[in-house]
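Participant: sequence-free structure coming up:
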Ligand SMILES: O=C(O)CCC(=O)C(=O)O
Ligand SMILES: [Fe+2]
């Protein structure tokens, strides 16, 4: 009994009306968030703030973007910064295309990006992407507060959020060319502090567990978001939280659109004293988080700032 059950990520509900700091439900969510991060490095958040109009608008806008000619999409270039630039037509992962939007939660950042793609502007695109980014940012802030609070270092939270910048990545994965599942995006860990993922109804994300199994993540519901720990949260937490390896494996015959909101700290991050003890000796030197943006997906945190 139960042995055939598929492994699943923890699901944490953020929809409650009274989810406010100081309440009992808030404290219990803080504990759930910490536990999910420590056990899996990620979880599915249920967050019902996106209207049907916003959902349709976001995924419709993404289709319009990725349907642009390759020469146009290549205008989104940041020299030496693979996380921000246009990625596409890569022989190893032909189904994958992605675009980064720098300062992706600001109207200006989104408008600058849209200007590169549509020289006469695209108000609809900007409206929907901005509205979505704000909502994902709100969820990220709430999770960040819960992380700081659950480790007893809430006083660092304001400094942290005051210095966060967000990179928004828009991704398209085409259906596989054959019947067999095909890799959409290679296994990697994120370089962010936290990442918020959202997608259309097409599931394809897989996350590696601590014992090396791969879990299929179902977040096909419009109210589901994946919250994932990046390498910077792993280092900040002194390895209490591990950034999980994840990849995209495409099946079926539909195009998948997904969005990743990556939180980066502008400045030096370091392990709080409270998180260092005999069982958890210091693992990382203070590090410049934005410096990680220049690294590729294969960069290793221990090489960057291990003690
Ligand atoms: O498309 C997804 O769900 C995951 C994308 C991802 O892992 C990334 O952009 O870092
Ligand atoms: Fe990722």
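Facilitator: Arrived safely. Just so we're clear, the structure is a prediction, and the values are computed from it rather than from any experiment. Residues are numbered from 1 along each chain as shown. Ligands and ions are numbered 1, 2, ... in the order given.
Participant: who touches the most centrally placed residue in the chain in this structure?
Facilitator: Centroid-nearest residue in the chain, with C-alpha atoms, centre = their mean: residue 195, separated by 2.4 Å. Residues in contact with residue 195 (C-beta atoms under 8 Å, 6 or more residues apart in numbering) are 226-228, 230, 260-263. C-beta coordinates here come from the backbone N, C-alpha and C atoms, glycine included.
Participant: The same query, at a cut-off of 10 Å, please.
Facilitator: 42, 136, 140, 167, 169, 189, 226-230, 233, 243, 246, 260-263 (C-beta atoms under 10 Å, 6 or more residues apart in numbering).
Participant: And what about it, helix, strand or coil?
Facilitator: Three-state call for residue 195 (DSSP: H, G, I helix; E, B strand; the rest coil): strand.
Participant: partners of it in the sheet?
Facilitator: residue 228, residue 262 (DSSP bridges).
Participant: give me the element the residue in the stretch 1-150 of the chain that ligand 1 sits nearest to is part of.
Facilitator: Using C-beta to the nearest ligand atom, the closest approach of the stretch 1-150 of the chain to ligand 1 is made by residue 98 at 6.4 Å. Assigned by DSSP states H and E, residue 98 belongs to strand 93-101.
Participant: That strand: which residues count as buried?
Facilitator: Using 16 or more other C-beta atoms under 10 Å as the test for burial, strand 93-101 gives 93, 95-101.
Participant: which one among the residues you listed gets closest to residue 28?
Facilitator: Closest to residue 28 out of the buried residues of strand 93-101 is residue 101 (34.8 Å), distances taken as C-beta to C-beta.
Participant: Skipping its backbone neighbours, what lies nearest the residue of the stretch 1-150 of the chain closest to ligand 1 in space?
Facilitator: Distances taken as C-beta to C-beta, 6 or more residues apart in numbering put residue 171 closest to residue 98, at 4.4 Å, once the chain neighbours are dropped.
Participant: Quick check, pLDDT for the one you found.
Facilitator: With respect to pLDDT, residue 171 scores 98.
Participant: quick one, whichever helix in the chain runs longest and strand 93-101 angle?
Facilitator: Longest helix in the chain, counting residues (DSSP state H): helix 123-150. Helix 123-150 runs at 80 degrees relative to strand 93-101, counting by axes from the mean of the first three to the mean of the last three C-alpha atoms, to 10 degrees.
Participant: so the residue of the chain at minimum distance from ligand 1 bridges to which residues?
Facilitator: Of all residues in the chain, residue 258 sits closest to ligand 1, at 3.5 Å by C-beta to the nearest ligand atom. Judged by DSSP bridges, the bridge partners of residue 258 are residue 171, residue 199.
Participant: Numbering from 52 from now on, please.
Facilitator: Understood, numbering begins at 52; the last thing we discussed is residue 309.
Participant: For it, give me its contacts.
Facilitator: By C-beta under 10 Å, 6+ apart, the contact list for residue 309 reads 110, 113, 149, 220-224, 235-236, 248-251, 253, 255-256, 270, 277, 299.
Participant: Close to ligand 1: what parts of this structure are there?
Facilitator: 220, 222, 236, 241, 248, 250, 256, 297, 299, 309, 311 (C-beta under 6 Å from any ligand atom).
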